[in-house]
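Asks: Have a look at this prediction, sequence included:
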Amino acid sequence: MGIFSFLSKDKKQNLDKGLEKTRENVFSKISKAIIGKSKVDDEVLDNLEEILISADVGVETTIKIINRIEARVSKDKYLGTSELNQLLKEEISALLSENQEVDFSGFDLPKRDYPYVIMVVGVNGVGKTTTIGKLAWQFKQAGKSVLLGASDTFRAAAVNQLIIWAERAGVPIVAQGQDADPASVAFDTLRSAVAKKVDIVLIDTAGRLHNKVNLMNELGKIKRVMQKVIPDAPHEVLLVLDASTGQNAMEQAKQFTAVTEVTALALTKLDGTAKGGVVIGISDQLKVPVKFIGVGEKMEDLQLFDKSEFVDSLFLSSGK
């Protein structure tokens, strides 16, 4: 059982509210696209394709969904437009099930005599620091001891922001300030965590994509130095993406997965965008599990990603 199993499932209301803009964007357009139509024909499918792409599902994933619906229409010979929402819901659910084999109850935390290390990556402005703070708070609520490492030393603001979040979450932090060696900070953080028998370590890192070689070298160095303290660290590499940027988030994900081994994704700011379809596209294209989604400002609004609840919320207004 994952360590986030303590989180109740009664936060569905927040998820419904968080996906409201995406839901309205998709279904208001679908309703207009099928006015005067009695069956799902080529014109309806063309309109649906445009709608999904506008919701940032992505071209490749959209074509895959349309092809599946087209096959269903051909097989069943006749499908009315009244059935389109349910059909779309079923195909998106099937797609997410293929790419998200299980619904996570959070990071699995096997019994160990040393800290569980999560290295967090992502470009500036995506909500990386906020996500770390919220994760730290939730880990603490789960009864785990937590230590933060401020290895994003490229910007003084990044270190200061993480210190503020550490105070909010009520957890300690290791920081050396701007321009300190990121790997040195990570090393000191892990050494302190081992000495204090901390359960979980969250390491913040810089995310500069203007030079992939430097980014790869920096992340590689941090990993190597951490492994001098804990040989199999990091145990998770969590990539934080801003869902409101749509296909830019997809591009960032592709670039980060090309330079480091990303094991999990967190998609933030879903409540402020009509581009929530990017969750579907990223899950389909990258085959990296989405573990967390951000649907609000509160600590508990960083939620575990449950594909079934996500699809149900996305299609809430369809009445299905």
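Replies: The structure has been received and is ready for your questions.
Asks: just for the stretch 101-250 of the chain, where's the confidence low?
Replies: When residues are selected by pLDDT under 70, those of the stretch 101-250 of the chain lie in 101-110, 208-212.
Asks: where do the helices sit along the stretch 51-200 of the chain?
Replies: Applying DSSP state H, counting those that start in this stretch to the stretch 51-200 of the chain gives helices spanning 59-76, 84-99, 128-141, 156-169, 182-196.
Asks: Which neighbouring elements make contact with the third one?
Replies: For helix 128-141, the contact count by 3 or more CB pairs under 8 Å, 6 or more residues apart in numbering; DSSP states H and E identifies strand 116-121, strand 146-151, helix 156-169, strand 200-205, strand 236-242, strand 264-268, strand 290-294, strand 302-304 as packing neighbours. In this view, the C-beta of every residue, glycine as well, is placed from N, C-alpha and C.
Asks: Rebuild these as a markdown table, extending it with distance to V213.
Replies: Supplementary listing: the helices and strands packed on helix 128-141 in a markdown table, determined by distance: least, CB to CB, whole Å:
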| stretch | distance to V213 |
| --- | --- |
| strand 116-121 | 16 |
| strand 146-151 | 19 |
| helix 156-169 | 21 |
| strand 200-205 | 16 |
| strand 236-242 | 18 |
| strand 264-268 | 23 |
| strand 290-294 | 28 |
| strand 302-304 | 32 |
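Asks: Same list, these, but as CSV with mean neighbour count please.
Replies: Shown next, in CSV, are the helices and strands packed on helix 128-141 (neighbours: other CB atoms under 10 Å):
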stretch, mean neighbour count
strand 116-121, 25
strand 146-151, 28
helix 156-169, 18
strand 200-205, 28
strand 236-242, 24
strand 264-268, 25
strand 290-294, 23
strand 302-304, 23
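Asks: just to revisit the earlier point, of the helices of the stretch 51-200 of the chain, which stretch is the most buried?
Replies: helix 128-141 (a mean of 23; mean count of other CB atoms under 10 Å).
Asks: who's in contact with that one?
Replies: For helix 128-141, the surrounding residues in contact (CB atoms under 8 Å, 6 or more residues apart in numbering) are 3-4, 6-7, 118, 120-122, 146, 148, 152, 158, 161-162, 164-166, 168-171, 199-200, 202, 204, 207, 238, 240, 266, 268, 292, 294, 299-302.
Asks: Okay, the most centrally placed residue in the chain and V288: tell me how far apart.
Replies: Centroid-nearest residue in the chain: A266, 2.1 Å away (criterion: CA atoms, centre = their mean). Counting by CB to CB, to the nearest Å, the separation of A266 from V288 is 11 Å.
Asks: Include distance to A233 when you put the helices of the stretch 51-200 of the chain into JSON lines, please.
Replies: Below are the helices of the stretch 51-200 of the chain laid out as JSON lines (distance: least, CB to CB, whole Å):
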{"stretch": "helix 59-76", "distance to A233": "34"}
{"stretch": "helix 84-99", "distance to A233": "27"}
{"stretch": "helix 128-141", "distance to A233": "16"}
{"stretch": "helix 156-169", "distance to A233": "19"}
{"stretch": "helix 182-196", "distance to A233": "7"}
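Asks: closest to F256 out of those helices?
Replies: Within the helices of the stretch 51-200 of the chain, the stretch nearest F256 is helix 128-141; the backing value is 11.5 Å (CB to CB).
Asks: Now G220: which helix or strand?
Replies: In the assignment (DSSP states H and E), G220 maps to helix 212-226.
Asks: Pull out the buried residues from that helix.
Replies: Within helix 212-226, the residues scored as buried using 16 or more other CB atoms under 10 Å are L215, E218, L219, I222, K223, V225, M226.
Asks: what sits against the closest residue to the second one other than its chain neighbours?
Replies: Beyond its immediate neighbours in the sequence, the residue positioned closest to E218 (CB to CB, 6 or more residues apart in numbering) is P182, lying 6.2 Å away. With contact set as CB under 8 Å, 6+ apart, P182 has these partners: S151, D152, T153, T205, A206, E218, K221, I222.
Asks: Could you identify the most distant pair in the residues you listed?
Replies: Farthest pair in the contacts of P182, by CB to CB: D152 and K221, 14.0 Å.
Asks: Return the helix holding G220 as CSV; C-alpha atoms alone will do.
Replies: The C-alpha trace of helix 212-226 is given here as CSV (Å, rounded to 0.1, in the frame of the first residue of the first chain):
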residue,chain,number,x,y,z
LYS,A,212,20.4,20.1,-22.7
VAL,A,213,24.0,18.9,-22.3
ASN,A,214,24.5,21.1,-19.2
LEU,A,215,21.2,19.9,-17.7
MET,A,216,22.0,16.3,-18.3
ASN,A,217,25.5,16.7,-16.8
GLU,A,218,24.1,18.5,-13.8
LEU,A,219,21.4,16.0,-13.1
GLY,A,220,23.9,13.1,-13.7
LYS,A,221,26.4,14.7,-11.2
ILE,A,222,23.7,15.1,-8.6
LYS,A,223,22.7,11.4,-9.0
ARG,A,224,26.3,10.2,-8.8
VAL,A,225,27.1,12.3,-5.6
MET,A,226,23.9,11.1,-3.9
